[in-house]
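**Q** Sequence first, then the predicted structure:
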Amino acid sequence: MNKKTKEIIDKLYTTSSLSEPEYLDLIEGRTGEAEEYLRSLAVSVRKKHYGNKVFIRGLIEISNYCKNDCLYCGIRRSNRMCDRYRLTKDDILSCADTGYALGFRTFVMQGGEDPYYTDETMCDIIAEIKRRYPECAVTLSLGERSRESYKRLFEAGADRYLLRHETADSNHYSSLHPKELTLENRIKCLHELKEIGFQTGCGFMVGSPYQTKENIAKDLKFIEEFSPEMCGIGPFIPHKDTPFRDFTAGDAELTCYLLSIVRLAVPTVLLPATTALGSILEGGRELGILSGANVVMPNLSPEDTREKYSLYNNKLSTGAESAEKLILLKEKIASIGYEIVTERGDAIRK
Ligand code: SF4
């Protein structure tokens with residue numbers, strides 16, 4: 001590692017802030033030694049705030065219908081090969097019941113932007129989960145909605161909202177999305193979520209088509225300034241039924257390097273070791289945790305819908321819908337010196 005890279009890492013560690021050009025230098029200065037140094041600091045910061053705990057979130061993929069047509073996504077509306085499904089209120093509650101009995105204390109309801117799930121429908125489901133399990137957190141990942149809608153969902157009891165910004169560069173954003181989707185609106189939604197009181201998560205894909213190192217530096221600066229409670233960073237993985245089918249997947253090691261950087265830039269962030277990371281690299285999720293991540297999101301969705309919720313190909317099966325599978329996951333995480341805990345795992349407020 002050269003002297004300049006070390007100085008930048010030390011500055012990030014002590015101040016949690018860098019300029020955009022410094023983030024770029026950090027990306028360009030990546031070597032095995034820099035990775036290791038950064039990782040050791042990221043782990044120490046994560047330990048300071050969260051100890052050895054890894055939080056689990058029960059993922060419920062409620063619908064693979066989507067009105068949008070993002071070019072990278074396997075459930076985009078123009079993919080005619082996608083076998084569509086929607087979970088009913090009862091389906092969702094039954095996933096939550098199973099998850100609760102296993103020890104999950106956060107449920108993440110994720111889906112495409114499906115107009116079927118009106119505010120009324122979602123508020124009803126959220127309120128029922130909160131009525132049955134008041135000590136559990138409800139996280140939503142349902143895309144862009146109006147401020148009024150976010151407010152209603154929050155008032156119904158939802159605690160957290162994940163909305164990846166995807167890229168902080170507007171030209172890059174337009175190369176990944178159809179023209180009706182804009183970075184401006186995405187950022188507006190993120191600010192609204194925060195203002196309403198949600199623990200808010202942003203994030204991006206590593207190695208998405210046309211992404212430059214400068215784009216990543218911009219993403220890192222955006223994350224530092226937005227200071228989200230959660231941040232999802234995973235490698236891009238192409239899906240065969242999308243226009244990006246022939247692009248190569250993102251790099252797992254670079255993803256882990258960026259996880260470490262984000263841990264230092266936003267020390268208390270809840271940082272998942274994503275399923276995508278585990279899908280492109282054997283042991284990828286464990287490497288993510290060893291790089292500063294502290295969340296895993298096993299799937300609680302019904303077995304028969306899992307294949308259909310295909311955002312990208314070769315998705316790692318991360319089910320924990322049975323006690324046996326959850327024990328296996330706990331053992332994996334314990335083998336690298338960490339402990340899966342069954343608590344809500346809220347972000348520490350700064
Ligand atoms: S990325 Fe999200 S909004 Fe875009 S098509 Fe896929 S599910 Fe829909």
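**A** Arrived safely. Numbers count the residues shown, from 1 in each chain.

**Q** Next, find the distance separating residue 195 from residue 159.
**A** 15 Å (C-beta to C-beta, to the nearest Å). To be clear about C-beta, it is placed using only N, CA and C from the backbone, and glycine gets the same treatment.

**Q** okay, those two: which has more neighbours?
**A** Neighbour comparison, residue 195 and residue 159: the larger count goes to residue 159, with 19 against 12 (by other C-beta atoms under 10 Å).

**Q** wait, what's in contact with the more buried one?
**A** By C-beta atoms under 8 Å, 6 or more residues apart in numbering, the residues touching residue 159 are 137, 138, 139, 198, 199, 346.

**Q** Could you turn the buried ones of those into a ChimeraX selection?
**A** If you want just the buried ones from the contacts of residue 159 in ChimeraX, going by 16 or more other C-beta atoms under 10 Å, the selection is:
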select :137,138,139,198,199
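
**Q** Show the subsequent helix or strand relative to the longest strand seen in the chain.
**A** Determined from DSSP state E, the single longest strand within the chain is strand 199-206. Using DSSP states H and E, the helix or strand that follows strand 199-206 towards the C-terminus is helix 213-226.

**Q** from the chain's centre, how far out does that next one sit?
**A** Relative to its chain's centre, helix 213-226 lies at 16 Å (C-alpha atoms, centre = their mean, to the nearest Å).

**Q** for it, packing partners?
**A** Contacts defined by 3 or more C-beta pairs under 8 Å, 6 or more residues apart in numbering; DSSP states H and E place helix 213-226 against helix 20-28, strand 199-206, helix 252-265.

**Q** repeat that for 6 Å
**A** Contact partners of helix 213-226 among helices and strands, from 3 or more C-beta pairs under 6 Å, 6 or more residues apart in numbering; DSSP states H and E: helix 20-28.

**Q** pLDDT score for the residue lying closest to residue 213 once chain neighbours are set aside?
**A** Closest residue to residue 213 apart from its sequence neighbours, by C-beta to C-beta, 6 or more residues apart in numbering: residue 27 at 4.9 Å. With respect to pLDDT, residue 27 scores 98.

**Q** neighbours of residue 27, just the number please.
**A** Neighbour count of residue 27, defined by other C-beta under 10 Å: 18.

**Q** So it sits against residue 214, correct?
**A** No - counting by C-beta atoms under 6 Å, residue 214 is not a contact partner of residue 27; they are 9.0 Å apart.

**Q** What ranges does the chain have for its helices?
**A** With helices called from DSSP state H, the chain shows them at 3-15, 20-28, 32-50, 89-102, 119-132, 147-155, 170-176, 183-196, 213-226, 252-265, 275-280, 284-290, 303-306, 323-335.

**Q** any idea of the mean pLDDT in the first one?
**A** When you say that, I think you mean helix 3-15. Averaging pLDDT along helix 3-15 gives 97.

**Q** Residues contacting that helix, please?
**A** Applying C-beta atoms under 6 Å, 6 or more residues apart in numbering, the contact partners of helix 3-15 are 18, 22, 25, 26, 29, 34, 38, 41, 264.
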